[in-house]
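>>> Build me a model:
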Amino acid sequence: MTQPGSLGGAPYRALAICSILFVVGQYGQVVLASRRVRESIELRFENAALVEQLRAETAAAHRARRDAEHANTAKSQFLAAASHDLRQPVHAQGLFLQALSQTDLAAPQRRILQNAQTANVASTDMLNTLLDFSRLEAGVITPRPRAFELQPLLDKIENELAPLADAKRLIYRTPQTDLAIVSDPALLELVLRNLVLNAIRYTERGGVLIGCRRRRAGVSIEVYDTGIGIPVDKREDIFREFYQLGNPERDRHKGLGLGLAIARGIAASLDHPLSLSSKVGSGSVFRILVPRTLDAGRDARLDDAPAAASAESGRLVGARILIVDDDAIVRDAMVALLSGWGCLCWAFEDPTDVTERPPQGPPPDALICDYRLRRGQTGAEAIATLRQHWGRPIPAILITGDTAPVRMREALDSGVPLIHKPVRPDLLQKALAALILPGRPPVGPVGAEVRRGPETTDLVRAEG
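A predicted model of the protein is given here:
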């Protein structure tokens with residue numbers, strides 16, 4: 001019999017068991033809570049470390065992007081500066097060669113001159129390639145789409161580039177087409193020209209074919225070649241600027257590696273998809289998809305303004321042309337060229353020289369101004385000063401060798417026609433003829449007055 005107060009009874013045993021379970025449960029809760037606290041602290045430290053790592057990586061990414069932007073800006077500035085400095089002498093050389101071609105030369109001299117002009121054209125083409133790239137970077141390419149027939153454009157490209165294929169013993173073919181499309185003819189020509197030049201440069205056997213296919217509401221213009229082909233892993237690289245496939249020695253006859261980058265950039269600005277198919281060792285085909293029009297009608301005319309300007313070139317005889325350029329060699333070259341065309345011209349280094357000692361007689365018929373003058377003055381400002389001096393809106397042309405994006409936008413905003421150095425003499429002649437008013441009678445004797453400074457005046461006469 002259990003004594004009163006004994007701890008051996010069933011209720012006490014149950015209570016003891018419950019107490020033990022409670023203590024064990026509390027201990028477990030403490031252990032679990034401790035673990036959660038420890039994990040929370042560890043997680044907080046891990047989060048802090050991740051945040052710090054993320055901050056460091058973000059800062060590194062910002063620095064890398066900033067460095068890349070600086071490098072890209074420096075590259076653009078270098079290209080613009082190098083292009084400008086190279087354009088000046090090449091521009092003057094082209095003008096002198098053209099002026100020389102207008103004189104009497106013996107047959108051997110004529111052949112040497114033609115070789116020199118060929119070399120000058122090659123230099124001009126390379127510089128113009130850099131100019132096209134700069135235009136893309138500057139964002140000053142504005143497409144002006146219209147309806148026109150495709151065949152005249154293809155014929156023009158064939159007439160100009162087929163001789164390059166003939167020189168490599170390649171077959172050049174452009175099947176006839178009656179299709180009419182909607183695009184900017186000048187920009188589309190630049191795209192196709194770069195694609196065809198690329199095909200000719202990288203093809204040693206076989207030939208080049210430029211064909212057209214109807215594609216629903218569009219036309220697929222396709223440039224085929226039987227060249228080296230492009231590996232799959234290189235098909236994106238070839239559209240990068242200055243990248244050339246299979247040209248480690250940087251053969252200058254294969255260009256600068258900008259043609260396809262320019263073609264893709266212009267195609268994108270035209271909203272014309274550009275695609276590529278290729279097989280290594282068998283050749284490639286580039287396709288550009290252009291909207292098609294069923295009725296080119298009255299809008300299907302290629303620009304014939306140059307022909308009209310050429311017909312008016314006779315009006316340059318006796319035209320009074322005033323030149324402002326801070327480069328003495330360029331001034332002399334311009335005077336020699338214009339004199340050969342029968343113009344009466346004056347050349348000045350600074351527009352203030354003009355206002356202080358203006359040419360005798362009526363105002364000039366046209367102004368030709370370099371864009372970048374001394375003391376930070378621009379050609380647009382010089383033109384405004386000269387127009388104010390004479391009190392009339394004298395027709396003007398800006399000529400520049402500066403391809404910096406900012407400068408190109410500034411020149412474009414001036415509203416004055418802009419021609420880039422080196423200037424092709426025939427294009428300058430047509431541009432001037434388009435500015436001279438129809439029906440303007442010849443003024444004064446045929447010749448050129450060159451004013452190199454306030455104290456010196458030379459009169460150069462041309463027979464005619």
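
>>> Which stretches in the stretch 351-464 of the chain count as strands?
All strands of the stretch 351-464 of the chain, identified by DSSP state E, counting those that start in this stretch, fall at 366-370, 396-400, 418-420, 447-453, 456-461.

>>> Give the rounded mean pLDDT of the last one.
When you say that, I think you mean strand 456-461. Mean per-residue pLDDT for strand 456-461: 28.

>>> and what of the third one?
Predicted confidence along strand 418-420 averages 80 (mean pLDDT).

>>> Output the contacting helices and strands for it.
Packing contacts for strand 418-420, counted by 3 or more CB pairs under 8 Å, 6 or more residues apart in numbering; DSSP states H and E, involve strand 396-400, helix 425-435. C-beta here means a position set from N, CA and C on the backbone, and glycine is covered the same way.

>>> same thing with the first one?
Counting by 3+ CB pairs under 8 Å, 6+ apart, the packing neighbours recorded for strand 366-370 are strand 320-324, helix 379-390, strand 396-400, helix 425-435.

>>> ok and it relative to helix 425-435, angle-wise?
For strand 366-370 against helix 425-435, the angle by axes from the mean of the first three to the mean of the last three CA atoms, to 10 degrees is 130 degrees.

>>> Return the list of strands paired to strand 366-370, each annotated with direction.
When pairing is defined by DSSP bridges, strand 366-370 lines up against strand 320-324 (parallel), strand 396-400 (parallel).

>>> Tell me how far that strand lies from the chain's centre.
24 Å (CA atoms, centre = their mean, to the nearest Å).

>>> what's in contact with it?
319-327, 330, 334, 351, 379-380, 382-383, 386, 394-400, 432, 435-436 (CB atoms under 8 Å, 6 or more residues apart in numbering).

>>> What angle do helix 379-390 and it make with each other?
Counting by the same axes, to 10 degrees, strand 366-370 lies at 150 degrees to helix 379-390.

>>> looking only at pLDDT, what's the mean for strand 366-370?
Strand 366-370 comes out at a mean pLDDT of 90.

>>> Outline the domain layout of this structure.
146-299, 310-461 (automatic domain parsing).

>>> Output the helix or strand hosting Leu260 as PDB, restricted to C-alpha atoms.
Using DSSP states H and E, Leu260 maps to helix 259-270. Provided in PDB are the C-alpha atoms of helix 259-270 (Å, rounded to 0.1, in the frame of the first residue of the first chain):
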ATOM      1  CA  GLY A 259      32.200  48.000 -96.900                       C
ATOM      2  CA  LEU A 260      30.000  45.400 -95.300                       C
ATOM      3  CA  ALA A 261      29.600  47.400 -92.100                       C
ATOM      4  CA  ILE A 262      28.500  50.400 -94.200                       C
ATOM      5  CA  ALA A 263      26.200  48.200 -96.200                       C
ATOM      6  CA  ARG A 264      24.500  46.800 -93.100                       C
ATOM      7  CA  GLY A 265      24.200  50.200 -91.500                       C
ATOM      8  CA  ILE A 266      22.600  51.800 -94.500                       C
ATOM      9  CA  ALA A 267      20.300  48.800 -95.100                       C
ATOM     10  CA  ALA A 268      19.100  49.200 -91.500                       C
ATOM     11  CA  SER A 269      18.500  52.900 -92.000                       C
ATOM     12  CA  LEU A 270      16.400  52.000 -95.200                       C
END
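
>>> Quick check: buried residues in it?
Within helix 259-270, the residues scored as buried using 16 or more other CB atoms under 10 Å are Gly259, Leu260, Ala261, Ile262, Ala263, Arg264, Gly265, Ile266, Ala267, Ser269, Leu270.

>>> need the contact list for Arg13.
By CB under 8 Å, 6+ apart, Arg13 lies in contact with nothing.

>>> what about it, helix or strand, and which?
Going by DSSP H and E, Arg13 is part of helix 10-101.

>>> now do Ser284
Taking DSSP H and E as the definition, Ser284 sits inside strand 283-293.

>>> Going by contacts, tell me the helices and strands next to that strand.
Using 3+ CB pairs under 8 Å, 6+ apart, strand 283-293 sits against strand 180-183, helix 185-201, strand 218-225, strand 274-279.

>>> partners of it, with directions?
By DSSP bridges, strand 283-293 pairs with strand 180-183 (antiparallel), strand 218-225 (antiparallel), strand 274-279 (antiparallel).

>>> quick one: which of these is nearest Leu373?
strand 180-183 (37.4 Å; CB to CB).

>>> Which positions within that closest one qualify as buried?
Ala180, Ile181, Val182, Ser183.

>>> Columns mean pLDDT and distance to Glu160 on top of the strands paired with strand 283-293, output as TSV?
Formatted as TSV, these follow (pLDDT from 0 to 100; distance: least, CB to CB, whole Å):
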stretch	mean pLDDT	distance to Glu160
strand 180-183	90	19
strand 218-225	91	15
strand 274-279	85	21
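
>>> Would you format those strands as CSV with distance to Glu149 included?
Formatted as CSV, the strands paired with strand 283-293 follow (distance: least, CB to CB, whole Å):
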stretch, distance to Glu149
strand 180-183, 5
strand 218-225, 11
strand 274-279, 22
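
>>> closest to Leu161 out of those strands?
strand 218-225 (10.9 Å).

>>> can I get the CA coordinates of the closest one in PDB?
C-alpha atoms of strand 218-225 as PDB (Å, rounded to 0.1, in the frame of the first residue of the first chain):
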ATOM      1  CA  GLY A 218       9.100  42.900-102.200                       C
ATOM      2  CA  VAL A 219      12.100  42.300-104.400                       C
ATOM      3  CA  SER A 220      15.100  40.300-103.200                       C
ATOM      4  CA  ILE A 221      18.200  41.800-104.800                       C
ATOM      5  CA  GLU A 222      20.900  39.100-104.600                       C
ATOM      6  CA  VAL A 223      24.700  39.300-105.100                       C
ATOM      7  CA  TYR A 224      26.200  35.900-105.800                       C
ATOM      8  CA  ASP A 225      29.900  35.100-106.000                       C
END
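
>>> Between helix 185-201 and it, find me the angle.
Per the same axes, to 10 degrees, the angle that strand 218-225 makes with helix 185-201 is 30 degrees.

>>> mind checking how far the closest residue to Leu316 other than its chain neighbours is from Pro395?
Take Leu316 and drop its neighbours on the chain: the residue closest to it by CB to CB, 6 or more residues apart in numbering is Trp341, 4.9 Å away. For Trp341, the distance to Pro395 (CB to CB, to the nearest Å) stands at 16 Å.

>>> go on, Ala180?
35 Å.

>>> cool, Leu276 as well?
Leu276 is 45 Å from Pro395, by CB to CB.
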